[in-house]
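> The amino acid sequence is not available; the structure is as follows:
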C-alpha cells in the first residue's frame, strides 16, 4: 500500500490515481472486499476530488467532516494547489452529480510533525469555503486505549475495489484491529515507519479485505468516533500486509485545537 496515493516503490499510501508519490510507494486505493453503504449511514464521510485526477469523477482521497467548515484528511493527499480540490458530501455514487453538497477548499493545515519519510502524523485539516451546516459531524477519539486488538472498526471510502464492487461508490469494510504487534513484526513496515504510538494496524492477514488507492484520508470509525484515517500499506489486500492507519487519539488535542481555531 504505502501511501494510498501514487506508487513509489513497494509501500503505498491510499490516495487516487494521479496523486504524487511520497518517499514510500504510495497509491491512493479503494476498499476491497467491502459492501455498498449509504451517505445516510455515514453523513460525515467526505470524498475529496481534484481536477488533476485521472479518473472521470476526479476522485482523489477521502476525509471526514469534523465541523461544519472543517474536514480531516491525510497530509499526503495535499500535493496539489489548494484551488484544485473540492469536498463532496452526501454523494454515494460520485458519477451522480445531481445529488450531494460540494465546497471548495480555502485553506489547509498540515500536522507540523508530518514526515514524508515515515508517514507519521499523516493529518491535514481543510477549511471549507461553504460550511456544510446541518450535516452530522464525527467526533475525534481521544482515548489511546481505543486502539486495541480485537475491536472491529469500519473503514469508509470511494477508492479502488479490484472489481469486488463498483468504483467511485461509497463502500465500507469491517477491518479488525490486529494490534500493533502484528505490524511491528513486519520488518518492512517497521522500516517504513510503523509505530505503535502513531498507527493502527487493521485488516485481514489472508488478504480478503483492505482499503486501497483513493481511500487515503478516509475515516476508520469505532463506536461512532474517528479512531484513525487511512494512511498507507503494502499493495491492497495483500496477504500478511494489513492496512496502516494514522491514529487520532495521540494527536487529538492538537487536531481539535486546529479544528476549533476559527469561527463559522
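Cool, the structure landed. Predicted, not measured: the structure shown is a model, and the values here were computed from it.

> what comes up buried for the lengthiest helix in the chain?
Taking DSSP state H as the criterion, the chain has its longest helix at helix 252-259. Residues of helix 252-259 classed as buried by neighbour count (16 or more other Cβ atoms under 10 Å): 252, 255-256, 258-259. The way it works is simple: take the backbone N, C-alpha and C, and place the C-beta from them, glycine included.

> May I see the residues you listed organised as TSV, with pLDDT and distance to residue 233 added?
Formatted as TSV, those follow (pLDDT from 0 to 100; distance: Cβ to Cβ, whole Å):
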residue	pLDDT	distance to residue 233
252	98	23
255	98	22
256	98	27
258	97	26
259	97	26
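
> Show me the two of the residues you listed that sit farthest apart.
252 and 258 (10.9 Å; Cβ to Cβ).

> so where's the protein shaky on pLDDT?
Low-confidence segments of the chain, defined by pLDDT under 70: 1-30, 163-164, 263-264.

> repeat that for 90
Within the chain, the ranges that satisfy pLDDT under 90 run 1-33, 159-167, 213, 235, 262-264.

> Show me the helices in it, by range?
Assigned helices in the chain, in chain order: 180-184, 187-191, 252-259 (criterion: DSSP H).

> Residue 69: how many residues sit nearby?
Residue 69 has 21 neighbouring residues, counting by other Cβ atoms under 10 Å.

> and what of the one 10 residues further on?
With neighbours defined by other Cβ under 10 Å, the count for residue 79 comes to 20.

> same check, this time on residue 225
Residue 225 has 18 neighbours, counted by other Cβ under 10 Å.

> swap in the one 5 residues further on?
With neighbours defined by other Cβ under 10 Å, the count for residue 230 comes to 41.
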